[in-house]
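**Q** build the 3D model from these lines:
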Amino acid sequence: MHEHGAPTWPRSVVELVEAQRALAVAKPPRWHPLAEPGFLAVGAVVICFPRGMSGPGASGDRAWAAAAVMRGRRTLAEATAAGQAAAPYEAGLLALREGPLLEAAVRALNETPDILLVDATGRDHPRRAGLALHLGAVLDLPTVGITHRPLLAEGNWPADRKGEAAPLVLDGEPVGAWVRRREHARPVAAHAAWRTDIETAVAVVLQTAGSHRTPEPLRRARQLARLARADG
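**A** Coordinates of the predicted model:
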C-alpha cells in the first residue's frame, strides 16, 4: 500500500467536496487482475459503532474498524483499529466520519490485498466519488463498494437466479449493479470505485468466496469489527 503521492483525508466539508470533485474526474489506470478469481487476495474493511446509538451519529462517537484478507476460503490476514468518528454522519460526506479509521485498519494488515471490498458506495454519489472510491485512492488500492442498497442510483432487481445482475443508474449514467449471489435472497449493490468499472465490480462480487448474499471477506471483516466492539 503505497503512500507517496496519495491523497489524504480532508478536515472540513469544503475540503472534502473539493477532493471528491477531483477524484470524480481522475483517470487512474484501470485494474486488471493478475490471477484467476479464486487465487486473488480479496480484502474487505468495515466499521461499526456502539449498539443502541440514537440519532444519525456525532463527531467523537466510538468506532471499531476491521479488515480481512482472504484467498478463496482461506484467511490470510486480519486487523482491527479502534478510535473515534472524525465527524458527524451526513450523507455524501461519509469520508469525513469514517475514512481515517478505515484506512488505519487496512494499513494494519500484514498482507496487501489485490482488491479491497468496502462497505460504502463509489460512483453512486452526488459528486461521483463515494467513500469506497476515496479510500482506494488514499490507499492506492483498487476498490469495489458493496452495500445493501444504493445511495442515489436506481434500478430494478435482477431475476431471482444466482449470478444475475441488473444496472444501477444515476442521472442516466450506469454507476453500479444489483448482483444476486444466491437465489431467494436480496441482491447486493456492487459499486464501481477506485480503478474498477461496473463489470469488474460484478465479477468480483460473484466470484468471491462464500454462499451467503454478502461476499465472505466482507462478512469476516464485519464479524471482526463486532468482536472488537464487544471487547470494548
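**Q** where does this structure have low pLDDT?
**A** Where the chain drops to pLDDT under 70, the residues are 1-6, 37.
**Q** quick check on the spatially most central residue of the chain: phi, psi?
**A** Nearest to the mean C-alpha position of the chain, by C-alpha atoms, centre = their mean, lies Val118 at 1.4 Å. The phi/psi pair for Val118 (degrees, to the nearest 10) reads phi -130, psi 140.
**Q** next, the contact list for it, please.
**A** Applying C-beta atoms under 8 Å, 6 or more residues apart in numbering to Val118 gives the contacts 44-45, 102, 131-132, 135-136, 143-146, 193. No exception for glycine: its C-beta is placed from N, CA and C like everyone else's.
**Q** that one pairs with what?
**A** Bridge pairing for Val118 (DSSP bridges) gives the partners Val45, Gly145.
**Q** Glu154 and Leu168, how far apart?
**A** 7 Å (C-beta to C-beta, to the nearest Å).
**Q** where along the chain do the helices fall?
**A** Counting by DSSP state H, the segments of the chain that form helices are 13-25, 94-107, 131-139, 198-207, 216-231.
**Q** contact partners for the nearest residue to Trp178 once chain neighbours are set aside?
**A** Closest residue to Trp178 apart from its sequence neighbours, by C-beta to C-beta, 6 or more residues apart in numbering: Pro187 at 4.3 Å. Going by C-beta under 8 Å, 6+ apart, Pro187 touches 157-158, 164, 166, 178-181, 213.
**Q** tell me how far Pro187 lies from Asn156.
**A** From Pro187 across to Asn156, the span is 10 Å (C-beta to C-beta).
**Q** just Val45 next, same as before
**A** 29 Å.
**Q** beta partners for the nearest residue to Asn110 once chain neighbours are set aside?
**A** The shortest distance from Asn110 to any non-neighbouring residue, by C-beta to C-beta, 6+ apart, is to Ala77 (5.3 Å). Beta-bridge pairing of Ala77, defined through DSSP bridges, involves Val69.
**Q** list the contacts of Ala77.
**A** Listed by C-beta under 8 Å, 6+ apart, the contact set of Ala77 reads 67-69, 109-111.
**Q** cool, Val144 as well?
**A** 115-118, 122, 132, 190-193, 196, 200-201, 204-205.
**Q** and for Thr143?
**A** Counted by C-beta under 8 Å, 6+ apart, Thr143 has contacts 115-118, 122, 132-133, 135-136, 193-196.
**Q** how about CSV for the residues you listed, with distance to Tyr89 added?
**A** CSV is the format used below for the contacts of Thr143 (distance: C-beta to C-beta, whole Å):
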residue, distance to Tyr89
Ile115, 27
Leu116, 22
Leu117, 21
Val118, 17
Gly122, 19
Ala132, 16
Leu133, 19
Leu135, 17
Gly136, 21
Ala193, 20
Trp194, 22
Arg195, 27
Thr196, 26
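**Q** nearest to Pro174, of those?
**A** Gly122 (12.0 Å; C-beta to C-beta).
**Q** for the closest one, grab phi and psi.
**A** On the backbone of Gly122 - angles per degrees, to the nearest 10 - the values are phi -120, psi -90.
**Q** show residues contacting stretch 12-23.
**A** The contact list for stretch 12-23 (C-beta under 8 Å, 6+ apart) reads 7, 10, 90, 93, 95-96, 125, 127-129, 133-134, 137.
**Q** how about it: buried residues?
**A** Neighbour counts over stretch 12-23 (16 or more other C-beta atoms under 10 Å) mark 16-17, 19-20, 23 as buried.
**Q** circling back to that earlier point, which one of the contacts of Thr143 is nearest Pro150?
**A** In terms of C-beta to C-beta, no member of the contacts of Thr143 lies closer to Pro150 than Gly122, at 10.9 Å.
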